[in-house]
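Engineer: from the sequence below, what's the structure:
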Amino acid sequence: MSHEPNPLFSGAPRYAGRRADVAEPEPAEEHPSRSMLFVPGSNAAWLSTVQVYGADYVMFDLEDSVAVREKDTARLLVREAIKSPIWRDTPVVVRVNGIDTPFFHDDLEAVVSAGAAIIRLPMVRDAQMIHDLDVEITLLEKKYGIPLGRTKILAAVESASGVVNAVPIATASPRMMGIALAAYDYVMDMHTTHDTAADESQLFFARAALLHAARVAKIHCYDVVYTDVNNTEGFLREVAVIKRLGFDGKSLVNPRQIEPLHNAFAPTQDEVERAQRVIAAAEEAEAEGHGVVSLDGKMIDAPIIAAARRTLRLARLSGVQR
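Structural biologist: Okay, the predicted model is just below:
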């Protein structure tokens with residue numbers, strides 16, 4: 001099983017063979033994706049209050065942060081929390097126990113029937129695991145009268161097998177909304193360590209592989225947790241690395257990490273103003289019927305315009321004004 005230490009709580013993708021009965025996934029950018037905060041499913045108080053911290057996604061955890069003797073209780077608590085009006089308008093992520101564990105089927109039925117928006121599956125090694133999960137979810141949606149395709153999947157890659165199979169995993173199902181790297185088991189599998197004080201080179205290949213897979217599939221890509229919650233400088237250094245690489249966001253273990261992460265992902269004033277000029281030039285060219293968009297003597301193509309729109313969207317989320 002995977003291991004995500006939690007110091008705070010210690011005590012339109014292109015898919016091969018798209019099924020006609022499953023709804024098209026929403027565009028990856030319809031919901032902000034900078035932060036995904038772990039919350040132990042056995043902590044009843046946090047299940048009802050953690051939304052006040054403003055994470056883009058809150059993820060109720062039924063796996064590593066929950067002791068074996070508390071699995072059944074946590075499952076009930078999470079099921080009832082999802083059904084609460086508090087979470088009615090907020091997409092809830094649930095990390096279920098691994099597909100090879102005795103807890104998986106009970107976890108999945110409890111949270112899908114309650115209306116969980118996204119299922120995070122740990123220890124994904126290959127595309128077949130996603131296919132199997134897709135089939136299970138489809139049966140449950142039919143059983144409980146849930147619109148087919150509404151429940152999305154987030155695959156957590158935690159092994160060398162998962163990394164080398166990243167593209168098949170990311171494109172395995174129209175339910176896929178994201179792929180995430182989890183470092184603990186991955187570095188164990190690679191016979192190395194995740195040294196947050198070092199140069200991060202031990203994670204570079206895995207990060208690059210998952211990013212490429214996510215871009216092929218047009219889904220989100222999440223980086224590893226940073227467990228030293230008192231080392232803000234180190235956290236921001238790692239955030240700077242993943243931002244330059246192109247990650248959409250990061251899994252978090254402490255609410256204190258949310259604001260620094262969001263601030264780090266916020267566009268600068270210069271970036272906002274440049275994006276506004278790009279969009280204005282594109283709109284002017286369209287209004288005048290020009291097939292070519294130019295700005296400052298340079299051609300502006302569709303990827304640049306799309307990037308400008310992403311910048312402005314992040315600016316709105318981050319409160320950056322012109």
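
Engineer: going along the chain, name the helices of the stretch 51-200 of the chain.
Structural biologist: Taking DSSP state H, counting those that start in this stretch, the helices of the stretch 51-200 of the chain run over residues 71-83, 104-114, 127-143, 160-164, 166-170, 183-189.

Engineer: looking at these, which is closest to M176?
Structural biologist: Each of those has some distance to M176 by CB to CB; the shortest is helix 166-170, at 6.2 Å. C-beta here means a position set from N, CA and C on the backbone, and glycine is covered the same way.

Engineer: counting contacts, what elements does that closest one pack onto?
Structural biologist: On a contact count with 3 or more CB pairs under 8 Å, 6 or more residues apart in numbering; DSSP states H and E, helix 166-170 meets helix 127-143, strand 152-157, strand 176-181, helix 204-217.

Engineer: and F205, which of the helices of the stretch 51-200 of the chain is closest to it?
Structural biologist: F205 lies closest to helix 160-164 among the helices of the stretch 51-200 of the chain, at 7.2 Å (CB to CB).

Engineer: burial of the residue nearest to I153 when sequence neighbours are not counted, as a residue count?
Structural biologist: Of all residues not flanking I153 in the chain, R175 sits nearest, at 4.5 Å (CB to CB, 6 or more residues apart in numbering). Neighbourhood size, R175 [other CB atoms under 10 Å]: 25.

Engineer: same question for the one 10 residues further on.
Structural biologist: The local packing count at D185 equals 20, with neighbours defined by other CB under 10 Å.

Engineer: how close does V112 sit to G98?
Structural biologist: 16 Å (CB to CB, to the nearest Å).

Engineer: higher neighbour count, those two?
Structural biologist: V112 (25 against 21).

Engineer: ok, that one - contacts?
Structural biologist: V112 sits next to I119, I137, L140, E141, Y144, I146, T151 when contact means CB atoms under 8 Å, 6 or more residues apart in numbering.

Engineer: dump the residue contacts of the closest residue to it other than its chain neighbours.
Structural biologist: Counting by CB to CB, 6+ apart, L140 is the residue found nearest to V112 once chain neighbours are left out, at 4.4 Å. Residues in contact with L140 (CB under 8 Å, 6+ apart) are L108, E109, V112, S113, I146, T151.

Engineer: please name the nearest non-neighbouring residue to the second one.
Structural biologist: Once its chain neighbours are removed from consideration, E109 has its nearest residue in L140; the separation is 5.9 Å (CB to CB, 6+ apart).

Engineer: re the thing from before, of the contacts of L140, closest to L211?
Structural biologist: T151 (24.8 Å).

Engineer: from L133, how far off is the closest one?
Structural biologist: Distance from T151 to L133, by CB to CB: 10 Å.

Engineer: what is in contact with those two at once?
Structural biologist: Residues touching both T151 and L133 by CB under 8 Å, 6+ apart: I119.

Engineer: just confirm G115 contacts I82, I think it does.
Structural biologist: Yes. Using CB atoms under 8 Å, G115 is in contact with I82, at 5.6 Å.

Engineer: comparing these two, which residue is more hemmed in?
Structural biologist: Shown here are G115 and I82; by other CB under 10 Å, I82 has more neighbours (23 against 17).

Engineer: so what's that one up against?
Structural biologist: Counted by CB under 8 Å, 6+ apart, I82 has contacts F60, V92, V94, V111, A114, G115, A116.
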